[in-house]
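Student: sequence unknown, structure follows:
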């Protein structure tokens, strides 16, 4: 229709309100705030001592970042310390809805990953670097536009925030570099990640087309961007200094018009272009890798993702994900016989802990619609009773839990045994058969291995993971070798190297003479059994170039926190703390037609409330103005969209004013299951006819693992009803999907809609009454009773409409990544669908026909950054009432 473009704009805005990632959970705890200079810290009462630490370190931190990035933030920075109601091992930084960073409490889940002393400090150093990267506006035009439009957009391709176009390889890699010079450790001190980077360089995988893209290949973007990107930024900083490397983002942001000049920006920053410097980095690390020794032996298993090893006196057990797209498997190894058993199930990704004869994984997941807790989860994704907010390390012989208390471990892990506090620690914990506890404690750059509360051995470094204890009391641990990561053993304070390999991630003893090694290669993680050895060698001390610089953490105030006393005198009120975020302005010109859109956005830093004012002109010369508001602060979430038509060439057709309301009540969410009750009311500004008021009840179980293109399992049913003016409509919708071997996916579906209207076919057509059948999804008018019929050329209205569907898809993993060309191929899928329709008009005339679809989905990476599935479909039908039996269509987004 003629107004489709404007409607699409409205619905894009609408979907942004409805489906934006939730910063906090609904019905969260009360928040408070404190502002000092240009930083506002938002915190809960529980997080008050951590908030005092954060406020105390801001002045020194920003002094250094302003110097290193050559930029002063042009907006207030909002730093959120999110409550324990959302426990995830993550944090994020954004320029929308404001210049903000949100930090979560769940770092103990990844305690051996970061090689750092304080989880909270790591978040602050890393995310603040992102705030500086993203906030930069290197050209006067961007700065001028920002003074008017905020962090918005102005007439594409002009960019107010140019660095939104930067690839994550530079963003995350540079943030990893900047998290590492504060004396808090960091991933650049990890032997595991050094080994991984050396192996990728040696394999020829560190090249611009691969790393500066969204690549679906080992070691995947989580490591390519953060780890290889981090070591690349370290390489540059060693040669050119921190300030020059960080200035790359200033030069990149000078391109306010189409910021896509990576080579030139890098050349301006350090004197050499990106591709050449990356090649030099890869060559140097590949040469270094020639001396590496890799773990050898019969491969027991392999995995595309690594999850920590678990064990007890009889078994070793861990999760493997061989192909990265199907269900994970639990691998259980009997120590006595070395027999192996695999159990494929719906495991959460994490370390396996065995309790009461049942295998659980450490994880983080919804336990209700308003709580995300860390704990132990079973093979259905349900939390083990009594483990919520506990990162369980194991159990003593008297069944006492040994765990990190999540709530109090915002900075460093607080270890408890039963209900008693035991120690502050900096690694995972191993429990031997005599109930002794083994762990590492960090003090500055000194890492000390403890048995219970007695120190056993110390060395210089931030990387070290306890592996196991043999029958003679010798303690094995993984730490840095010169070229990666290897296994060591401590006996009476004497340390020796216990393996030749430099690519060891973790290890567990099979017996006193043999060890199971988890190692990394250039293609996967793999597991082998090796003989133990004894060789005189201590852990290698990784010394990074900035440790002798004046700004390094221990030598400056960048890692210190001045004493600040906070209170609860300034509550955070979400609605009152909404701020102007930015304005988006777009123009388009066609054949004697011009369209434009102006959208002013508002929101609070915790994203509990958001709104916008909009003014749009569509292709029919209809001008619409309005306001929208979304509240996600409570369990009942809602969005209101009100508008008025200012001018139109078809006033007799248009509605003068109207509104759209959407509500959602997620009444159940636990494991892989969810239940949602939603309601919608929709008034289309371009017609005065349909205005459906609907309610929908949905139950589903959904599973999707890592990089699977489609759901691995979906069982979804919805029941709905609608009041459309004087008519009542009702029906149901069912969808089932399941992954098969070799990346085949099968699907079943059915839908039925009916109305109680007793009218003629002519009346239905004129008044647009009855069950709507359309070639456009029901989301367009938010009427769930609409039945999608892709073969149609126009909408129709019936008494009853239903269909049954069978679908099959096969993923084809052909990829071709490019650096300078704007499009890359990520993967493809061939799919086919068969639908049988049963349609009945108001005159009781039946129309039954079949529809066959053959399609190709091409998942593309646009501009090295944005993943965009493109679909090409051929549709054939045998309907008597349709003249066109064959149809071709092109769509964006997945359709299987």
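Tutor: That came through, no problem. Source: prediction; values computed, not measured.
Student: Please verify my assumption that residue 81 contacts residue 45.
Tutor: No: assessed by Cβ atoms under 8 Å, residue 81 is found out of contact with residue 45, at 11.1 Å. To be clear about C-beta, it is placed using only N, CA and C from the backbone, and glycine gets the same treatment.
Student: what about these two, which has more around it?
Tutor: residue 81 (24 against 13; other Cβ atoms under 10 Å).
Student: what residues are up against the more buried one?
Tutor: The contact partners of residue 81, by Cβ atoms under 8 Å, 6 or more residues apart in numbering, come to 41, 42, 43, 44, 47, 50, 51, 54, 103, 105, 410.
Student: In strands only, show me those.
Tutor: Among the contacts of residue 81, DSSP state E puts 41, 42, 43, 44, 103 in strands.
Student: wouldn't the second one be in contact with residue 32 here?
Tutor: Yes: the pair residue 42 and residue 32 qualifies as a contact (Cβ under 8 Å) at a distance of 7.4 Å.
Student: pLDDT weak spots in this protein?
Tutor: By pLDDT under 70, the weakly predicted segments of the chain are 1-21, 156, 554-561, 589-593, 777-780.
Student: Next, show the common contact partners of residue 42 and residue 32.
Tutor: Common neighbours of residue 42 and residue 32, counting by Cβ under 8 Å, 6+ apart, are residue 572.
Student: re the thing from before, distance to residue 239 for the contacts of residue 81 - can I get that in TSV?
Tutor: Listed next are these as TSV, based on distance: Cβ to Cβ, whole Å:
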residue	distance to residue 239
41	36
42	39
43	40
44	44
47	40
50	37
51	39
54	33
103	32
105	38
410	36
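Student: Out of those residues, give me the one that has the most neighbours.
Tutor: Neighbours here mean other Cβ under 10 Å. Within the contacts of residue 81, the largest count is held by residue 105, at 29 neighbours.
Student: Not counting residues beside it along the chain, what's closest to it?
Tutor: Nearest residue to residue 105, sequence neighbours excluded (Cβ to Cβ, 6 or more residues apart in numbering): residue 410, at 5.0 Å.
Student: tell me which element residue 435 is part of?
Tutor: Under DSSP states H and E, no helix or strand contains residue 435.
Student: Kindly list the main-chain dihedrals of it?
Tutor: Main-chain torsions, residue 435, degrees, to the nearest 10: phi 70, psi 20.
Student: Distance of it relative to residue 395?
Tutor: From residue 435 across to residue 395, the span is 10 Å (Cβ to Cβ, to the nearest Å).
Student: Those two: who's more crowded?
Tutor: residue 395 (18 against 15).
Student: ok, which stretches of the stretch 251-400 of the chain are strands?
Tutor: With DSSP state E, counting those that start in this stretch, the ranges of strands along the stretch 251-400 of the chain come out as 299-303, 310-311, 315-320, 329-334, 340-344, 352-355, 358-368, 371-377, 390-395.
Student: The second one pairs with which strands, and in what direction?
Tutor: For strand 310-311, the pairing partners within the sheet under DSSP bridges are strand 315-320 (antiparallel).
Student: Would you mind getting the angle between the strand it pairs with and strand 340-344?
Tutor: When axes from the mean of the first three to the mean of the last three Cα atoms, to 10 degrees is applied, the directions of strand 315-320 and strand 340-344 differ by 40 degrees.
Student: Residues in contact with strand 315-320: which ones?
Tutor: 301-303, 307-311, 328-335, 342, 347, 349-352, 354, 359, 361, 508, 510, 516, 518, 527.
Student: what about the helices in the chain?
Tutor: Applying DSSP state H to the chain gives helices spanning 4-19, 48-69, 119-135, 140-149, 168-178, 191-202, 208-211, 220-223, 229-240, 242-246, 248-252, 262-270, 274-289, 761-767.
Student: so what secondary structure elements neighbour the fourth one?
Tutor: Packed against helix 140-149, as judged by 3 or more Cβ pairs under 8 Å, 6 or more residues apart in numbering; DSSP states H and E, are the following elements: strand 579-589.
Student: what angle do the strand it packs on and helix 140-149 make?
Tutor: When the same axes, to 10 degrees is applied, the directions of strand 579-589 and helix 140-149 differ by 110 degrees.
Student: Tell me how far strand 579-589 lies from the chain's centre.
Tutor: Relative to its chain's centre, strand 579-589 lies at 27 Å (Cα atoms, centre = their mean, to the nearest Å).
Student: Check stretch 656-674 too.
Tutor: Centroid separation between stretch 656-674 and its chain, computed with Cα atoms, centre = their mean, is 22 Å.
Student: Show me what counts as buried in it.
Tutor: Buried residues in stretch 656-674, defined by neighbour count with 16 or more other Cβ atoms under 10 Å: 658-662, 664-666, 669-674.
Student: For the strands of the stretch 251-400 of the chain, please prepare a markdown table with the additional fields distance to residue 59.
Tutor: As requested, those are arranged in a markdown table below (distance: least, Cβ to Cβ, whole Å):
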| stretch | distance to residue 59 |
| --- | --- |
| strand 299-303 | 45 |
| strand 310-311 | 44 |
| strand 315-320 | 44 |
| strand 329-334 | 49 |
| strand 340-344 | 53 |
| strand 352-355 | 42 |
| strand 358-368 | 33 |
| strand 371-377 | 33 |
| strand 390-395 | 33 |
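Student: okay if I get the buried residues of stretch 656-674 as CSV plus distance to residue 417?
Tutor: Shown next, in CSV, are the buried residues of stretch 656-674 (distance: Cβ to Cβ, whole Å):
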residue, distance to residue 417
658, 62
659, 58
660, 55
661, 53
662, 49
664, 43
665, 41
666, 37
669, 32
670, 29
671, 29
672, 32
673, 34
674, 36
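Student: Show me which pair in those residues is furthest apart.
Tutor: Greatest spatial distance in the buried residues of stretch 656-674: 658 and 671, 40.2 Å, computed using Cβ to Cβ.
Student: that older thread, so among the contacts of strand 315-320, which ones count as buried?
Tutor: 301, 303, 307-311, 328-333, 335, 347, 349-352, 354, 359, 361, 508, 510, 516, 518, 527.
Student: would you list every one of the strands in the stretch 401-550 of the chain?
Tutor: Per DSSP E, counting those that start in this stretch, the stretch 401-550 of the chain carries strands over the ranges 401-405, 413-417, 420-425, 430-431, 437-443, 446-451, 454-460, 464-469, 475-481, 484-491, 494-497, 504-509, 514-520, 525-531.
Student: With distance to residue 623 added, can I get the ones you listed in JSON lines?
Tutor: Compiled in JSON lines, those are given as follows (distance: least, Cβ to Cβ, whole Å):
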{"stretch": "strand 401-405", "distance to residue 623": "58"}
{"stretch": "strand 413-417", "distance to residue 623": "58"}
{"stretch": "strand 420-425", "distance to residue 623": "62"}
{"stretch": "strand 430-431", "distance to residue 623": "68"}
{"stretch": "strand 437-443", "distance to residue 623": "62"}
{"stretch": "strand 446-451", "distance to residue 623": "66"}
{"stretch": "strand 454-460", "distance to residue 623": "68"}
{"stretch": "strand 464-469", "distance to residue 623": "63"}
{"stretch": "strand 475-481", "distance to residue 623": "65"}
{"stretch": "strand 484-491", "distance to residue 623": "63"}
{"stretch": "strand 494-497", "distance to residue 623": "75"}
{"stretch": "strand 504-509", "distance to residue 623": "61"}
{"stretch": "strand 514-520", "distance to residue 623": "59"}
{"stretch": "strand 525-531", "distance to residue 623": "58"}
